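Asks: need a structure here:
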Amino acid sequence: MRHDPWQWIAKTVGGPVDAIQYACVLEATAPKAGNVHPVAKFNDLCFADFVASAEIVASGLTATPMGLGDRIESVIRQTRVTTNTNVNLGIALLLGPIVLAEETQRPADAAWTLDRWREATANVLSTLSDEQSHRIGRAISKASAGGMDGDYQPGDPSLDVLASSESFDVMAGMRDAKDRDLIAAEYAGGFESFFAEVVPAVEASVGETGDLLSGIALAHLRLLADRGDSLIARKNGRDTEQEIRDRAKQCLNAFASNGDFGSIAEFDAHLRSEGHLFNPGTTADFIAAAVYVCLRTRA
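Replies: Here you go, the predicted model:
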């Protein structure tokens, strides 16, 4: 039987804290096209920032008995103090409900399947209190994510997360943004596509390559080709995002037909041009969350 590439790490994972740290560091270590990794940095962001962030996310998102909004806001606040960057907003938004669902609803005596985890995550979001909703909105505002203007402003001023009030409804805001933001779409859809598409893509890619880091990089390229990246769209427009999706597909086809890495290297250089405006950061956030799930399903 073929060796499971996850198993050597999964055996050392003592719980959600370890799994979050491993997931964040593995995602940042893999040589994903257009993203930061140990030998590729941006002017304002480097691999060490992701390592520091991993510890913050792990401790913040498992801080019982705090609510979901409290946890996410704590992660963003501490990250700004420690790294002065918006390095983990997407990761915190994705992992937050997933971690809380496992913490509160995973049975000790029954199989924890992806379907059960998806249902539990959807339940976390459907029962979110007004107070916790407002705090998630406040965390998003504090993170100062790029490109949240122009076409990305909601028509209803009450759903503008950058001017969120005590009555801000984050779920209504996510539903309003679901067609222009991949993370918002997960909140609006109860994380259905995350568990049905993203996690299986990571599992399949790691299984095909037989290596965690190579598999993560391959899954990242596949997800970028299949789903696009809403951070790229926010900063550059939908036409540019579609061009990048098409180039990702061409890279995958070239690699599948003749093992060509040259096109991937050229694609990576293109994504890093223009002051890394083409950074597929949202796709990287999904990868981190999926790696966490892959590790925890082996617990």
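Asks: how about the nearest residue to residue 155, chain neighbours excluded?
Replies: Excluding the flanking residues, the one nearest residue 155 by CB to CB, 6 or more residues apart in numbering is residue 176, at 7.9 Å. For every residue, glycine as well, the C-beta is placed using N, CA and C.
Asks: you'd agree residue 75 is up against residue 62?
Replies: No - taking contacts as CB atoms under 8 Å, residue 75 lies outside contact range of residue 62: 10.5 Å.
Asks: what is the neighbour count of residue 105?
Replies: Counted with other CB atoms under 10 Å, the neighbours of residue 105 add up to 15.
Asks: who's in contact with it?
Replies: Applying CB atoms under 8 Å, 6 or more residues apart in numbering to residue 105 gives the contacts 120, 123, 124.
Asks: ok, and the most crowded of those?
Replies: In terms of neighbours by other CB under 10 Å, those top out with residue 124 at 23 neighbours.
Asks: that one contacts residue 67, doesn't it?
Replies: No - the pair residue 124 and residue 67 does not pass the contact test of CB under 8 Å, sitting 10.0 Å apart.
Asks: give me the low-pLDDT residue ranges for the chain?
Replies: Counting by pLDDT under 70, the chain contains low-confidence ranges at 1-2, 147-152, 164-165.
Asks: for it, which helix is longest?
Replies: Across the chain, the longest stretch assigned as helix under DSSP state H is helix 238-258.
Asks: need the next SSE after it, C-terminal direction.
Replies: helix 262-271 (DSSP states H and E).
Asks: what packs against that following helix?
Replies: helix 238-258 (3 or more CB pairs under 8 Å, 6 or more residues apart in numbering; DSSP states H and E).
Asks: now the helix it packs on - C-alpha only, PDB.
Replies: Extracted as PDB, the C-alpha positions of helix 238-258 are listed here (Å, rounded to 0.1, in the frame of the first residue of the first chain):
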ATOM      1  CA  ARG A 238     -12.500  40.400 -13.500                       C
ATOM      2  CA  ASP A 239     -10.900  40.400 -17.000                       C
ATOM      3  CA  THR A 240      -7.400  40.200 -15.500                       C
ATOM      4  CA  GLU A 241      -8.500  37.400 -13.100                       C
ATOM      5  CA  GLN A 242      -9.800  35.400 -16.100                       C
ATOM      6  CA  GLU A 243      -6.500  35.900 -18.000                       C
ATOM      7  CA  ILE A 244      -4.700  34.500 -15.000                       C
ATOM      8  CA  ARG A 245      -7.100  31.600 -14.700                       C
ATOM      9  CA  ASP A 246      -6.400  30.800 -18.400                       C
ATOM     10  CA  ARG A 247      -2.700  31.000 -17.900                       C
ATOM     11  CA  ALA A 248      -3.000  28.600 -14.900                       C
ATOM     12  CA  LYS A 249      -4.900  26.100 -17.100                       C
ATOM     13  CA  GLN A 250      -2.200  26.400 -19.800                       C
ATOM     14  CA  CYS A 251       0.500  25.600 -17.200                       C
ATOM     15  CA  LEU A 252      -1.400  22.600 -16.000                       C
ATOM     16  CA  ASN A 253      -1.900  21.300 -19.500                       C
ATOM     17  CA  ALA A 254       1.800  21.800 -20.300                       C
ATOM     18  CA  PHE A 255       2.800  20.000 -17.100                       C
ATOM     19  CA  ALA A 256       0.400  17.100 -17.800                       C
ATOM     20  CA  SER A 257       1.400  16.600 -21.400                       C
ATOM     21  CA  ASN A 258       5.200  16.800 -21.100                       C
END
